[in-house]
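Novice: Turn this into a model:
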Amino acid sequence: MSRSTTPPAEPIMLELVDEEGRTVGVEEKLAAHRAPGLLHRAFSVFLFDAEGRLLLQRRAKEKYHSPGVWSNTCCGHPYPGEPPFLAATRRTVEELGVAPASLRAVGTVRYNHPDPASGLVEQEWNHLFAGRVEEAPRPDAAEICEIDFVTPHALAERRAEGPFSAWFGTVLDAALPGIREVTGGTGGW
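Specialist: Model prediction:
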């Protein structure tokens, strides 16, 4: 069962944006992800423990998009009109059962990543956030089937072993300068 306190009205709507990240409309979530994809607002969260290890999540196998693959701590879409920072905090609590600590914006990145497995397209203007996790996560099984804390070396090994979300490499690379500030060099990022 999801931890969401206010379930979204069906259908779930996403905020469409232009190439400058300005809101231009709304579209139903699945329709926005069908090829060729519509550019929409998203967010990605990277949380680190006291040792500087990144909290990864493996998406639940029942998810319609990118099931069973590893990804960053949390990602998703703000509701239309919802500030990305609030959406990132809300979804982190819903998915992982913990509130992020010292969460801060570390940039944005625009990308277009088709997912060959599902045929869906991630055409996103992604707001990036980094912070700390100070409690033991309690993942929602409907969202996450596994979590792990990794060093940069362990992350490289895991990426060589198997699939990650289509967007993971792009959002990680874009967030790294901010991640280094948040971690203060702890963990080797």
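Novice: In this structure residue 131 contacts residue 101, no?
Specialist: Yes: the criterion here is Cβ atoms under 8 Å, and residue 131 meets it with residue 101 at 5.8 Å. Just so you know, the C-beta spots here come from the backbone N, C-alpha and C atoms, and that holds for glycine as well.
Novice: With neighbour numbers in mind, choose between those two.
Specialist: residue 131 (23 against 12; other Cβ atoms under 10 Å).
Novice: residues touching the residue lying closest to that one once chain neighbours are set aside, list them.
Specialist: Distances taken as Cβ to Cβ, 6 or more residues apart in numbering place residue 103 nearest to residue 131, at 3.6 Å, with adjacent residues excluded. Remark: with contacts taken as Cβ atoms under 8 Å, 6 or more residues apart in numbering, residue 103 is in contact with 45, 85, 88, 89, 92, 129, 130, 131.
Novice: Just the element for the last one, please.
Specialist: Following DSSP states H and E, the helix or strand that holds residue 131 is strand 121-132.
Novice: Would you mind putting the CA coordinates of that strand into CSV?
Specialist: Output in CSV follows, covering the C-alpha atoms of strand 121-132 (Å, rounded to 0.1, in the frame of the first residue of the first chain):
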residue,chain,number,x,y,z
VAL,A,121,10.1,7.6,-24.0
GLU,A,122,11.5,9.8,-21.2
GLN,A,123,11.4,13.3,-22.7
GLU,A,124,12.0,15.3,-19.6
TRP,A,125,13.0,18.6,-18.1
ASN,A,126,14.4,17.1,-14.9
HIS,A,127,15.0,19.1,-11.7
LEU,A,128,17.9,17.5,-9.7
PHE,A,129,18.1,17.4,-5.9
ALA,A,130,20.7,16.0,-3.5
GLY,A,131,20.7,15.6,0.3
ARG,A,132,21.1,13.2,3.1
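Novice: what lines up beside that strand in the sheet?
Specialist: strand 40-48 (parallel), strand 101-114 (antiparallel) (DSSP bridges).
Novice: Count the residues that sit near residue 126.
Specialist: Other residues within reach of residue 126, judged by other Cβ under 10 Å, total 24.
Novice: again, but for residue 35
Specialist: So residue 35, with other Cβ under 10 Å, has 10 neighbours.
Novice: In contact with residue 158, which residues?
Specialist: Shown in contact with residue 158 (Cβ under 8 Å, 6+ apart): 56, 70, 148, 150, 164.
Novice: after the strand or helix carrying the first one comes which helix or strand?
Specialist: Assigned by DSSP H and E, residue 56 belongs to strand 54-59. Taking DSSP H and E as the definition, the helix or strand that follows strand 54-59 towards the C-terminus is strand 70-71.
Novice: so what pLDDT did the spatially closest residue to residue 181 that is not a sequence neighbour get?
Specialist: Nearest residue to residue 181 in three dimensions, chain neighbours excluded: residue 106, at 7.4 Å (Cβ to Cβ, 6+ apart). On the pLDDT scale, residue 106 is placed at 98.
Novice: Which residues are in contact with the closest residue to residue 126 other than its chain neighbours?
Specialist: With Cβ to Cβ, 6+ apart as the criterion, residue 126 has its nearest non-adjacent residue at 4.6 Å, and that residue is residue 42. By Cβ under 8 Å, 6+ apart, residue 42 lies in contact with 75, 76, 77, 78, 122, 124, 125, 126, 127.
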